[in-house]
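1. Have a look at this prediction, sequence included:
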Amino acid sequence: MRASPVVADASVVLKWFIEEDYSKHARMLRDDHLYGRVTVHAPSTLMVEVANALRKYVARSVLTREQALRGLRVLYEAGIELEEVGSELLLEALGYSIDNNVTVYDALYVALARKLGTTAYTADEKLLGALRGRDDAVAHIQSYTPAR
């Protein structure tokens, strides 16, 4: 049986490594991915977003340099399906960004979820606030129900 696709944004993936609000929910998604119950997809920009956030955690002394580097290596090894940001996905994301007053980075996750016919999970309160529940393709990570 093929694992169901889901999209996870950087705010969710970071919670795989950093203990924050909703880390428990993010780790349920991670575990489902690692056990083959779901397949996590993301635009290829995910890795840049995560690397930038890890750098900020080092600057704030939340992580050491070595922990940040190890975290990014582990993320590459996790087997996330990274979708190249080609013209079709980027055009869809730009249109969504303009229509909903969200960043193109955030809109890429929504565009990918729509393309795959699935949900984009986020912990980004600003994104969720901008959408105010108007888009079924986006859900807060706390609503994630483990696959069984």
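-> Yep, that arrived.
2. show me what contacts the nearest residue to residue 147 once chain neighbours are set aside?
-> Leaving aside its chain neighbours, residue 147 sits nearest to residue 37 (3.9 Å; criterion: Cβ to Cβ, 6 or more residues apart in numbering). Quick note: C-beta positions are derived from backbone N, CA and C, even for glycine. With contacts defined as Cβ atoms under 8 Å, 6 or more residues apart in numbering, residue 37 is in contact with 3, 4, 146, 147, 148.
3. go on, residue 46?
-> Neighbours of residue 46 in contact, by Cβ under 8 Å, 6+ apart: 9, 10, 13, 80, 82.
4. List just the nearest of these to residue 110.
-> Set against residue 110, the nearest of the contacts of residue 46 by Cβ to Cβ is residue 9 (9.2 Å).
5. Next one: the closest one, what pLDDT does it get?
-> Note for residue 9: predicted pLDDT of 98.
6. Verify the stated contact: it with residue 103.
-> No. Contact criterion Cβ atoms under 8 Å: residue 9 and residue 103 do not qualify, at 10.9 Å.
7. of the two, who's got more company?
-> residue 9 (28 against 13; other Cβ atoms under 10 Å).
8. give the contact list for the more buried one.
-> Residues near residue 9 by Cβ under 8 Å, 6+ apart: 42, 46, 49, 106, 109, 120, 121, 122, 123, 124.
9. For these, give me JSON lines that also has pLDDT and distance to residue 31.
-> Shown next, in JSON lines, are those (pLDDT from 0 to 100; distance: Cβ to Cβ, whole Å):
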{"residue": "42", "pLDDT": "99", "distance to residue 31": "17"}
{"residue": "46", "pLDDT": "98", "distance to residue 31": "18"}
{"residue": "49", "pLDDT": "98", "distance to residue 31": "22"}
{"residue": "106", "pLDDT": "97", "distance to residue 31": "25"}
{"residue": "109", "pLDDT": "98", "distance to residue 31": "20"}
{"residue": "120", "pLDDT": "97", "distance to residue 31": "19"}
{"residue": "121", "pLDDT": "98", "distance to residue 31": "14"}
{"residue": "122", "pLDDT": "97", "distance to residue 31": "18"}
{"residue": "123", "pLDDT": "96", "distance to residue 31": "17"}
{"residue": "124", "pLDDT": "94", "distance to residue 31": "21"}
